[in-house]
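1. One predicted model, sequence on top.
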Amino acid sequence: MFNVLKKTLQSEFGRAKYEQYARSIKQNIREAKTDNAEIFDDLYAMLKSEDEKRLEEMQERLNTSLLDAFRVSRTYFWAFVAYLAAFVIIASYVIQMYAIPLLLFISAMFLVKTYEFLVNKFCYVDAHMVLIYKAVLDKIRVERRMDARQES
């Protein structure tokens, strides 16, 4: 799967919940609504009973996937430079019988990298869902810290 955020969210919520949330966010985007309270409340109800260790692991996986999505965008420029350099070198120095298949191969690989870049760059629904998920995790963890302070 090319979309890092989508992969993480589907593994955290399950495919059915992910699709339900995605439909809701898309509907809200179409209607120019910014309120996603139903998703927030659903996630909150689902996660509030989790133990602190599990919540910490969830937050770590989320942070890792955000870094991975950023890394895809950051490395695309260098993939583009490498593609151009390889294309120029192969086109000018290699025997023509081998050049065409090699050029087709590196072009196909570059198209795959471009697709991955675009999917991760323009995943508004997944980014929106990540923001809601992160807010829920943060709220639960802050509430627990506050409760622990009040108990002591």
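-> Arrived safely, thanks for sending.

2. What lies in contact with stretch 143-152?
-> residue 52 (C-beta atoms under 8 Å, 6 or more residues apart in numbering). Placement of C-beta: from N, CA and C, glycine included.

3. in that stretch, what's buried?
-> Residues of stretch 143-152 include none that count as buried (16 or more other C-beta atoms under 10 Å).

4. and if you look at stretch 26-39?
-> For stretch 26-39, a neighbour-count test (16+ other C-beta under 10 Å) marks 28, 36, 39 as buried.

5. can you pull out the strands in this protein?
-> With strands called from DSSP state E, the chain shows none.

6. Would you mind listing where this structure has pLDDT under the threshold?
-> Residues of the chain that meet the criterion pLDDT under 70 lie in 1, 94, 152.

7. Name the residue closest to the centre of it, please.
-> When C-alpha atoms, centre = their mean is applied to the chain, the residue found nearest the centroid is residue 5 (1.8 Å).

8. How about the contacts made by the residue nearest to that one when sequence neighbours are not counted?
-> Distances taken as C-beta to C-beta, 6 or more residues apart in numbering place residue 126 nearest to residue 5, at 3.9 Å, with adjacent residues excluded. Residues counted as contacts of residue 126 (C-beta under 8 Å, 6+ apart) are 3, 5-6, 9, 22.

9. likewise residue 62?
-> Applying C-beta under 8 Å, 6+ apart, the residues near residue 62 are 8, 12, 130, 133-134, 137.

10. which residues in this structure form helices?
-> Along the chain, counting by DSSP state H, helices occupy 4-13, 15-30, 37-47, 52-93, 96-121, 124-151.

11. Highest mean neighbour count out of those helices?
-> Comparing these on average neighbours per residue, with mean count of other C-beta atoms under 10 Å, the densest one is helix 4-13 at a mean of 19.

12. Quick check: closest non-adjacent residue to residue 18.
-> Computed as C-beta to C-beta, 6+ apart, the closest residue to residue 18 that is not its neighbour in sequence is residue 10, at 4.6 Å.

13. before we move on, back to that, which among the contacts of residue 62 gets closest to residue 73?
-> Comparing the contacts of residue 62 against residue 73 with C-beta to C-beta places residue 130 closest, at 14.8 Å.

14. ok, and the closest non-adjacent residue to that closest one?
-> In this structure, residue 130 finds its nearest non-sequential neighbour in residue 5, 5.7 Å apart by C-beta to C-beta, 6+ apart.
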